[in-house]
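Student: only geometry, no sequence info:
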């Protein structure tokens, strides 16, 4: 089955700096890669996703890149703000289109 | 347009009791997924259901756990004879027919086993 690895497990950046979180996946058939943000005690919320037919996608301060050959994808957050502090999960679909395998999460702390 | 609705939000059970968690998918969604999240850990897939069918239960423990999604009513995740290790947040997610990957999560049900 699919295996998704995520690094780093914790990340601390100063407000205004950039944050990068990286994931690798094992199943070459995966074609959908979402990123979720989860605040303490809340549900995971989709913040951006990318499909295998594109290499990069941007939405304001958030971008995701995908390297299908190397089977890795990354989340980039620019101009970080305190409200970006949360746990971020990457995921990849496997088999059924909407069945997702999640990474272990990255706890992002944005300090003033 | 209501999102994915889960109840109860919090459930406390003593060891050996049964826990029933309910999930109503978003309107128009016919696919339901259950995930478990242990404290400080990621989301682990448990089961994928469509109306009256279990499509994939590869993540379900072999014993004590069962899930259903009847023709009428919410999907139910049932845990019999709960143990302390079952304490976790259980998230339900839904997707539309022919879903293209995006999952919409509910707020979760937090089970505490005393």
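Tutor: On my side now, so go ahead. It should be emphasised that the depicted structure is a prediction, and the values quoted were computed from it without experimental measurement. Residues are numbered from 1 along each chain as shown, chains lettered A, B, ... in the order given.

Student: how many other residues sit next to residue B:98?
Tutor: For residue B:98, the neighbour count with other CB atoms under 10 Å in any protein chain shown is 9. Using the backbone N, CA and C atoms, a C-beta is placed for each residue, glycine as well.

Student: err, residue B:58, not the other one
Tutor: Residue B:58: 11 neighbours (other CB under 10 Å).

Student: would you map the strands across chain B?
Tutor: In chain B, the segments counted as strands under DSSP state E are B:5-7, B:10-13, B:19-24, B:31-37, B:43-50, B:53-56, B:65-68, B:75-79, B:88-95, B:104-105, B:109-113.

Student: pull up the pairing partners for the last one, direction included.
Tutor: Paired neighbours of strand B:109-113 in the sheet (DSSP bridges): strand B:10-13 (parallel), strand B:88-95 (antiparallel).

Student: ok, now the shortest one?
Tutor: Its sheet considered, strand B:104-105 pairs with strand B:88-95 (antiparallel) by DSSP bridges.

Student: mean confidence score for the partner strand?
Tutor: For strand B:88-95, mean pLDDT is 96.

Student: chain center to that strand: distance?
Tutor: 5 Å (CA atoms, centre = their mean, to the nearest Å).

Student: so what touches that strand?
Tutor: Strand B:88-95 is contacted from outside by A:43-44, A:97-98, B:4, B:6, B:21, B:23, B:25-26, B:29, B:31-39, B:43, B:46, B:75, B:77, B:101-106, B:108-111, using CB atoms under 8 Å, 6 or more residues apart in numbering or on different chains.

Student: what number of residues lie near the residue in chain B that chain A sits nearest to?
Tutor: At 3.5 Å from chain A, residue B:101 is the closest residue in chain B, using CB to the nearest CB. Using other CB under 10 Å, residue B:101 has 20 other residues around it.

Student: excluding chain neighbours, what is closest to it?
Tutor: Setting aside the residues directly before and after it, residue B:101 is nearest to residue A:32 in space (CB to CB, 6 or more residues apart in numbering or on different chains), at 3.5 Å.

Student: the one you found against residue A:52, yeah?
Tutor: Yes: Residue A:32 lies in contact with residue A:52 (CB atoms under 8 Å); the separation is 7.4 Å.

Student: which of these two has more neighbours?
Tutor: residue A:32 (19 against 16).

Student: partner residues bridging that one?
Tutor: Here residue A:32, judged by DSSP bridges, has bridge partners residue A:51.

Student: could you list the low-pLDDT ranges of chain A?
Tutor: Applying pLDDT under 70 to chain A picks out residues A:96-97.
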